[in-house]
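Asks: Sequence and predicted structure are below.
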Amino acid sequence: MRLGMVIDLKKCIGCYGCAAACKAENATPPGVLWCRVVKVESGTYPQVRRISVPLQCNHCGDPECLKVCPTGATFKHENGIVDIDHELCVGCRYCMMACPYQARTFQHQVLGYFPGGLTPYEQRGYQRHQEGTVSKCNFCLPRLERGLEPACVANCMSRARIFGDLDDPTSEVARAIREKGAQPLYPELGTDPSIFYIAP
């Protein structure tokens, strides 16, 4: 099994719902975005258009971040998810420099969103984060273990995201790649990403 995702850029409306759902699910502090949406313009005047491109960790089959980690903090689960052991992370940030998708964030310190101290939600959620370490998307692994989809998939209002087993040719995600010609970002880098995009 290799878990992966297809994002249909024809359906994505750039609402940032995936980014908001990710922050709510993972209780990431200010400045930490495991899922973000960038706006890209293409074409030449007057044939110009603007598209929204959601970005996050690509859970590469051959991840550069794993190769450069000096402590073994970055590792891969059997299902292909690239994850971080925060007890081993020393915050050197080599992985951030190696990642071609800029999918990792260093947490200098864990701050709250509001003055006057952390809210009860932040106090509980921030227990998952450690200052001085790097963090990133893990496809909402705790949700997967409960049989749920990643929060960005479950909360996408335009149903632009499909999640599943890339190795199962009958899965919806594998069919979308095959039938709709979905492509990964920067395939020329040879990192074998697990996130594919259907062109707009």
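Replies: Yep, it's here.

Asks: Backbone dihedrals for the most centrally placed residue in the chain, both of them.
Replies: Note on the chain: the residue nearest the mean C-alpha position is Gln56, at 2.9 Å, using C-alpha atoms, centre = their mean. Dihedral pair for Gln56: phi -170, psi -180, per degrees, to the nearest 10.

Asks: For beta bridges, what are the partners of it?
Replies: Going by DSSP bridges, Gln56 is paired in beta bridges with Cys35.

Asks: which residues touch it?
Replies: Contacts for Gln56 (C-beta atoms under 8 Å, 6 or more residues apart in numbering) come out as 22, 34-36, 101, 103, 136-137, 152, 195. For every residue, glycine as well, the C-beta is placed using N, CA and C.

Asks: Excluding chain neighbours, give the residue nearest to Gly4 in space.
Replies: Counting by C-beta to C-beta, 6 or more residues apart in numbering, Gly4 lies nearest to Ser194, which is 3.6 Å off, once chain neighbours are set aside.

Asks: oh sorry, the question was meant for Ala154
Replies: The shortest distance from Ala154 to any non-neighbouring residue, by C-beta to C-beta, 6+ apart, is to Leu148 (6.6 Å).

Asks: Could you check how far that neighbour is from Ile81?
Replies: Per C-beta to C-beta, to the nearest Å, Leu148 is found 15 Å from Ile81.

Asks: Please identify the buried residues of stretch 36-51?
Replies: Of the residues in stretch 36-51, 36-37 count as buried by neighbour count, 16 or more other C-beta atoms under 10 Å.

Asks: and that stretch, average pLDDT?
Replies: The average pLDDT within stretch 36-51 is 93.

Asks: All the strands of the protein, in order from the start?
Replies: Listed in chain order, the strands of the chain (DSSP state E) span 3-8, 35-44, 47-56, 74-76, 82-84, 105-107, 133-135, 161-165, 195-198.

Asks: Please identify which of Leu148 and Ile81 sits among more neighbours.
Replies: Between Leu148 and Ile81, Ile81 has the larger neighbour count (other C-beta atoms under 10 Å), namely 20 against 13.
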